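Q: what shape does this take:
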Amino acid sequence: MVNFHVLTLFPEMVMQGLHTSILGRAVGKQYISIEAVNIRDYTTDKHGKVDDYTYGGGAGMLMQAQPVYDAYLSVARKVEGKPRVIYVTPQGKTFHQEMANELAKEEELIFLCGHYEGVDERVLEEIVTDYVSIGDYVLTGGELPAMVMIDAIARLVPGVLHNDESAMTESFHNDLLEYPQYSRPEVWRDKRVPEILLSGNHAKVDEWRLAQSIERTKRLRPDLYEKWAGRQT
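A: Here you go, the predicted structure:
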């Protein structure tokens, strides 16, 4: 079981987005848990303020260290050892499937969602273990990237997917993209399902699927294909 804790200014956004469909069922069956911690609940400011101007000037406001740190402590004090804390930032290492596989082995994961111009550097130095980005672009806050990563990680936790084998055949597993798939009817708009998939010969089907994955990866993601090909020699 993996317990996800999201430090955020918008807990309702996180909980509504992650308690539906497959992840919602996984929470209900206790394969994972998802908790949103409202950073604003931990400010000492009587007006609920969690941001202030940056020293040295500059545009925008900065999330203060104290409420972020106390929100973190509210989680850290409940778990054993020092949990991994992922700060969602465009400055971080780009998230990928191998990272999702690694993080799915953790019992406790804390995601820190920044806003405004970011978070006071001092609290980042104090609590963050991983700086992670989902791509080279900037969003208004860290909630959506955190939700993307939680979805990718959670589906690798045993029991979350209805068929645990599906995670082993999808895109990026073994650096290959997923092969094309088909369902009924056998013919749609004059396009037929490949005959090999109707043959019942599972060994031949597996060969065809691997060949399709290789071809598709080579065509669409030559960078991944080079990684895969390099391991075949």
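
Q: low-confidence stretches in this structure?
A: Regions of the chain meeting the criterion pLDDT under 70 cover residues 163-173.

Q: for the helix or strand where residue 90 lies, which positions count as buried?
A: Secondary structure from DSSP states H and E places residue 90 in strand 84-94. Neighbour-count burial for strand 84-94, counted by 16 or more other C-beta atoms under 10 Å, picks out 84, 85, 86, 87, 88, 89, 90, 92. The C-beta positions use only the backbone N, C-alpha and C, and glycine is treated the same way.

Q: from these, which is closest to residue 100?
A: residue 86 (11.6 Å; C-beta to C-beta).

Q: end-to-end on stretch 113-122?
A: In terms of C-alpha to C-alpha, to the nearest Å, the two terminal residues of stretch 113-122 are separated by 16 Å.

Q: who are the contact partners of the residue nearest to residue 106 when sequence neighbours are not counted?
A: Closest residue in space to residue 106, ignoring its immediate chain neighbours: residue 84 at 5.7 Å, by C-beta to C-beta, 6 or more residues apart in numbering. If a contact means C-beta atoms under 8 Å, 6 or more residues apart in numbering, then residue 84 has 103, 106, 108, 109, 110, 129, 130 as its contacts.

Q: make TSV from these and add secondary structure, neighbour count and distance to residue 55 to it.
A: Shown next, in TSV, are these (DSSP: H, G, I helix; E, B strand; the rest coil; neighbours: other C-beta atoms under 10 Å; distance: C-beta to C-beta, whole Å):
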residue	secondary structure	neighbour count	distance to residue 55
103	helix	22	34
106	coil	14	35
108	strand	20	33
109	strand	24	31
110	strand	26	27
129	coil	12	26
130	strand	19	26
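
Q: give me the residue at the spatial middle of this structure.
A: residue 149 (0.9 Å; C-alpha atoms, centre = their mean).

Q: that older thread, which one of the contacts of residue 84 is nearest to residue 218?
A: Looking across the contacts of residue 84 and measuring by C-beta to C-beta, the closest to residue 218 is residue 103, at 28.8 Å.

Q: test my guess that that closest one contacts residue 111.
A: No. Applying C-beta atoms under 8 Å, one finds residue 103 not in contact with residue 111, separated by 10.3 Å.

Q: okay, and the common contacts of those two?
A: 86, 149.

Q: angles on the backbone of the spatially closest residue to residue 154 that is not a sequence neighbour, please.
A: Spatially, and ignoring its direct neighbours in sequence, residue 154 is nearest to residue 32 (5.1 Å; C-beta to C-beta, 6+ apart). Dihedral angles of residue 32 (phi, psi; degrees, to the nearest 10) stand at phi -140, psi 160.

Q: wait, what's in contact with the residue lying farthest from the centre of the chain?
A: Relative to the mean C-alpha coordinate of the chain, counting by C-alpha atoms, centre = their mean, the farthest residue is residue 190 (38.8 Å). Contacts of residue 190 were listed using C-beta under 8 Å, 6+ apart, and none were found.

Q: quick one, strands of the protein?
A: If you assign secondary structure with DSSP state E, the strands in the chain sit at 2-8, 32-38, 51-53, 61-63, 84-94, 108-113, 130-133, 187-188, 191-192.

Q: and the first one, what does it pack onto?
A: Helices and strands in packing contact with strand 2-8 are listed as helix 11-18, strand 32-38, helix 65-76, strand 108-113, helix 143-154; criterion 3 or more C-beta pairs under 8 Å, 6 or more residues apart in numbering; DSSP states H and E.
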